[in-house]
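# I would like the atomic coordinates for the input below:
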Amino acid sequence: MYRGVQNRRFSRLPRDWDGSTESRCEGVGGACFDWRMRNLTDNAKSAGVAVAIVSAFCFGGSGPFAKPLITAGFTPLQVAWLRLAGGALLMLPFVIRYAPAVRRAPKLLAGYGLFAIAGVQVFYFASIARVPVGVALLIEFLGPVMVLGWIRFVRRKPVTRSAAIGVAIAMVGLACVVELWSGLSFDPIGLLLALGAAGCQATYFLLSDSGPEVNPFALAGFGLLLGAAVVTLLAQPWELDWALLLGQVELAGYQFPALFAVGWIVVLSTVLAYLTGIVAVRRLSPPVAGAVAFLEPVVATVLAWALLAEALGPIQLVGGALILVGAFVAQRAAPAKTQSAELAGV
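Prediction:
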């Protein structure tokens, strides 16, 4: 609508305009409307950026608040189940509202629930039980790089020069993060699990490239519901020691109720994170919102340092920055529809 207003024949201001709002609107018809629409559009974009930052912060808090639960005695699968089951329950109204979406895009919804939700969560939480939160999430952000690798070596299609540069930068960053020259500084299994999370994310990106468009609220709601169902079979919550929920977890050297950490990862890091992510994409665009989403590993690394005393060394921080730059370049070079797969955060 803004573009149509901008092209109206009344969009040019009169030559004798003195700069005041009143004179600007007087006798120029659509010019006043155009000026107001410009302000509304700018305000909407500013609000969209703010909402995207909130979404990145919420997603970034998932690992730092989940890891103390694992340390307290929960298994990574059980923590993943608590998050997904709680999120699915709170998102149930959207599932009911957008039920017809299942008939329109069953394969896409199934892929999202299995890979982007269940797969990413299980691998990510299993990874942070072995390696620092920041390292696991930085490696997971190699998803766009894996997409380009699949396109080039499996589909045998050429990729752009910028895409190749992005992949090279990300690979150098990965070597710095894991300190490859010293024989890996972290648990190799933990690193492989983080790569598994990246692979699940990349798989969903590739599925969305050939699938139909789906309402993002339906995607998030049905994805969480299916993901929770899958993880229920793996986690077997009927064997969960529910007394652990009444215990304490340690954050920043202080004791907090375990239910506080559970509430954080369910309400903030799942429901609010997905909803604000959807709003951000609608106010901005998938590429812009996706760019802001690269704040997520930064937030996770800072929170892990503040809450869990997990500090990365200078070389690892530089490597993390290189991974994000490379992944960002790779994502911009990926097919358009994979760029718009904005709901694959953790």
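# Every contact and neighbour count from this point should use C-alpha atoms.
Will do.
# Just the helices from the stretch 101-250 of the chain, written as ranges.
In the stretch 101-250 of the chain, the helices defined using DSSP state H, counting those that start in this stretch lie at 101-104, 106-111, 120-128, 133-140, 143-153, 161-177, 188-209, 216-235.
# Dump those helices to CSV, plus mean neighbour count.
Formatted as CSV, these follow (neighbours: other C-alpha atoms under 10 Å):
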stretch, mean neighbour count
helix 101-104, 14
helix 106-111, 20
helix 120-128, 26
helix 133-140, 28
helix 143-153, 21
helix 161-177, 21
helix 188-209, 23
helix 216-235, 23
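# for those, which one sits closest to residue 314?
Set against residue 314 and scored by C-alpha to C-alpha, the helices of the stretch 101-250 of the chain come closest in helix 161-177, at 9.6 Å.
# what sits up against the closest one?
Under the criterion C-alpha atoms under 8 Å, 6 or more residues apart in numbering, residues 135, 139, 142, 145, 148, 181, 315-330, 332-334 lie in contact with helix 161-177.
# Now, those residues that are in helices?
135, 139, 145, 148, 315-330, 332-333 (DSSP state H).
# PyMOL command for the buried members of those residues?
Applying 16 or more other C-alpha atoms under 10 Å to those, the buried members can be selected in PyMOL as follows:
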select buried, resi 135+139+145+148+316+317+319+320+321+322+323+324+325+326+327+328+329+330+332+333
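# Per-residue pLDDT of the nearest residue in space to residue 92 that is not next to it in sequence, please?
Nearest non-adjacent residue to residue 92, counting by C-alpha to C-alpha, 6 or more residues apart in numbering: residue 221, 6.6 Å away. On pLDDT, residue 221 comes in at 95.
# check contacts around residue 221.
So residue 221 contacts 88, 91-92, 94-95 (C-alpha under 8 Å, 6+ apart).
# now with 10 Å?
87-99, 109, 113, 227, 271, 274-275 (C-alpha atoms under 10 Å, 6 or more residues apart in numbering).
# Now do it against residue 200, distance only.
19 Å (C-alpha to C-alpha, to the nearest Å).
# Would you confirm that residue 226 contacts residue 88?
Yes. Residue 226 lies in contact with residue 88 (C-alpha atoms under 10 Å); the separation is 8.5 Å.
# Low-confidence stretches in the stretch 1-150 of the chain?
When residues are selected by pLDDT under 70, those of the stretch 1-150 of the chain lie in 1-44.
# related to what we said a few turns ago, what touches both of residue 226 and residue 88?
Counting by C-alpha under 10 Å, 6+ apart, nothing touches both residue 226 and residue 88.
# any idea how far the residue nearest to residue 144 when sequence neighbours are not counted lies from residue 103?
Distances taken as C-alpha to C-alpha, 6+ apart place residue 331 nearest to residue 144, at 5.2 Å, with adjacent residues excluded. As judged by C-alpha to C-alpha, residue 331 and residue 103 stand 30 Å apart.
# circling back: please pick the buried ones from the contacts of residue 221.
For the contacts of residue 221, buried by 16+ other C-alpha under 10 Å: 87-91, 94-95, 98, 109, 113, 227, 271, 274-275.
# Can you tell me which of the residues you listed is nearest residue 245?
Relative to residue 245, and with distances defined as C-alpha to C-alpha, the nearest of these is residue 87, at 17.0 Å.
# The closest one touches residue 224, doesn't it?
Yes. Shown here, residue 87 and residue 224 form a contact pair, counting by C-alpha under 10 Å, at 6.7 Å.
# Quick check: residue 241 touching residue 74?
Yes. Residue 241 lies in contact with residue 74 (C-alpha under 10 Å); the separation is 8.1 Å.
# These two: who's more crowded?
Remark: of residue 241 and residue 74, residue 74 carries more neighbours, 19 against 11, as counted by other C-alpha atoms under 10 Å.
# Excluding chain neighbours, what is closest to residue 240?
Residue 240 sits nearest to residue 78 (C-alpha to C-alpha, 6+ apart), 7.4 Å away.
# Please report how far the one you found lies from residue 222.
With the distance defined as C-alpha to C-alpha, residue 78 ends up 20 Å from residue 222.
# Could you say which helix or strand holds the residue nearest to residue 240?
If you go by DSSP states H and E, residue 78 is part of helix 76-90.
# after that helix, next one along is what?
helix 92-97.
# Please save the CA atoms from that following helix in PDB.
Output of helix 92-97 as PDB, limited to C-alpha atoms (Å, rounded to 0.1, in the frame of the first residue of the first chain):
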ATOM      1  CA  LEU A  92      -2.700 -24.900  20.800                       C
ATOM      2  CA  PRO A  93      -5.100 -22.000  20.000                       C
ATOM      3  CA  PHE A  94      -3.100 -21.400  16.800                       C
ATOM      4  CA  VAL A  95      -3.300 -25.100  15.900                       C
ATOM      5  CA  ILE A  96      -7.100 -25.000  16.200                       C
ATOM      6  CA  ARG A  97      -7.400 -21.800  14.300                       C
END
